[in-house]
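[1] Below: sequence and its predicted model.
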Amino acid sequence: MRERTRLDTQIKGVLALERGVADAMELIELAEAEGDADTANAAVADLHAFAADAKRREIESLLSGEADANDAYLEVNAGAGGTEAQDWAEMLLRMYMRWAEAHGYKAILTEESEGEQAGLKSATLQVTGPNAYGWLKTETGVHRLVRISPFDAAARRQTSFASVYVYPVIDDKIEIEINPADLKTDTFRASGAGGQHVNKTESGVRFTHIPTGIVAASTQDRSQHRNRVIAMDMLKARLYELELRKREAVADGIEAGKTDIGWGHQIRNYVLQPYQMVKDLRTNLEKGNPDAVLDGDLDEFMAAALAQRAGTTRSDASASAR
């Protein structure tokens, strides 16, 4: 039913786009015949806007996976690099929050573990909005930062890593059964900024699914009961995503489990010194403005990864048919 609704919406959007282009072309012809340059220029501007809309719809047509329309959980974990890596994890979290904000998505921090000196050891966002998972799923992988470390008194260049892992918020109608015997449950005090806001009770909840090793935790609420519900929802989503990856046989070969957070596993490099560049190692897309990227300008990277994945999937399908 959801797929049918999405298809109907896409068809209506394409028809509206066609009408808009036809109207703009007709207006340009009339404006040129009457020598009305202002009207012609306005119609040309409309055509540019329609072209951008068509490009966006082309990319969104690639979002046809079973859970692409769903909301998403996005998890960031600091890797090799100590305090530098923990600061990098916090920078990545901010980048995705800014991306979500720019697209009108709602981003709620459901869990965070602060670093010893700065930054974050880990954090999880719930991103709510149309096709949130479809867009964000290409961000799963290891992200590498190269810069002059603000934590190094000698101002030496440092390399650090953080991982990003994205999985869909599952539909209430999807049944995920979990054997209580397969669960390890821990409660803990949530870390905070200090003062009256530090949690004085063990309200944080962490579930470990023993057969898969999947961990889900929540410190979002002051209530332990509420955090149990949130953490269980996250665990079910992770298990569902595990099944999705098995069934869809994701073309880029990313396993459902996490890779090592270090050398040789990164999907994207962010270089701030000695030169400025962000390069995606899967698509070879490169941009020379890392500040804009770290401020949430990620659409080109996501679109390129989606297009590559769709192209590879079609190639694999053709090869299988032969």
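    Received it, and whenever you're ready, just let me know what you need.

[2] where do the helices sit along this structure?
    2-34, 37-60, 82-102, 132-136, 224-248, 290-294, 299-321 (DSSP state H).

[3] What count of nearby residues applies to Thr128?
    Neighbour count of Thr128, defined by other C-beta atoms under 10 Å: 15. (C-beta placed from N, C-alpha, C; glycine too.)

[4] Give me the outermost residue of the chain relative to its centroid.
    Summary for the chain: using C-alpha atoms, centre = their mean, the residue whose C-alpha lies farthest from the chain's mean C-alpha position is Glu34, with a distance of 49.5 Å.

[5] circling back: may I see the helices of the chain organised as JSON lines, with distance to Glu111 added?
    As requested, those are exported to JSON lines (distance: least, C-beta to C-beta, whole Å):
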{"stretch": "helix 2-34", "distance to Glu111": "28"}
{"stretch": "helix 37-60", "distance to Glu111": "30"}
{"stretch": "helix 82-102", "distance to Glu111": "11"}
{"stretch": "helix 132-136", "distance to Glu111": "17"}
{"stretch": "helix 224-248", "distance to Glu111": "8"}
{"stretch": "helix 290-294", "distance to Glu111": "22"}
{"stretch": "helix 299-321", "distance to Glu111": "24"}
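
[6] Nearest to Thr110, out of the ones you listed?
    For the helices of the chain, the distance to Thr110 is smallest for helix 224-248, at 6.1 Å, taking C-beta to C-beta.

[7] helices and strands around that closest one, which ones?
    With contacts taken as 3 or more C-beta pairs under 8 Å, 6 or more residues apart in numbering; DSSP states H and E, helix 224-248 sits against strand 72-78, strand 157-168, strand 204-209, strand 214-218.

[8] Go through those strands and name the closest to Ala24.
    Smallest distance to Ala24 across these (C-beta to C-beta): 35.6 Å, for strand 72-78.

[9] so what strands line up beside the closest one?
    Strand 72-78 pairs in its sheet with strand 120-128 (antiparallel), strand 157-168 (antiparallel), by DSSP bridges.

[10] just to revisit the earlier point, any idea which of the helices of the chain is most buried?
    When you average the neighbours per residue for each of the helices of the chain (mean count of other C-beta atoms under 10 Å), helix 132-136 leads with a mean of 25.

[11] Just the buried positions in stretch 157-164, please.
    Using 16 or more other C-beta atoms under 10 Å as the test for burial, stretch 157-164 gives 158-164.

[12] Can I get that stretch in PDB? Just the C-alpha atoms.
    Taking only C-alpha atoms (Å, rounded to 0.1, in the frame of the first residue of the first chain), the coordinates of stretch 157-164 have been written out as PDB:
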ATOM      1  CA  ARG A 157      48.900  16.800  11.500                       C
ATOM      2  CA  GLN A 158      46.700  14.000  12.800                       C
ATOM      3  CA  THR A 159      44.600  11.300  11.200                       C
ATOM      4  CA  SER A 160      41.500  10.000  13.000                       C
ATOM      5  CA  PHE A 161      38.500   7.800  12.200                       C
ATOM      6  CA  ALA A 162      34.900   7.500  13.100                       C
ATOM      7  CA  SER A 163      32.200   5.100  11.900                       C
ATOM      8  CA  VAL A 164      28.700   5.900  10.800                       C
END
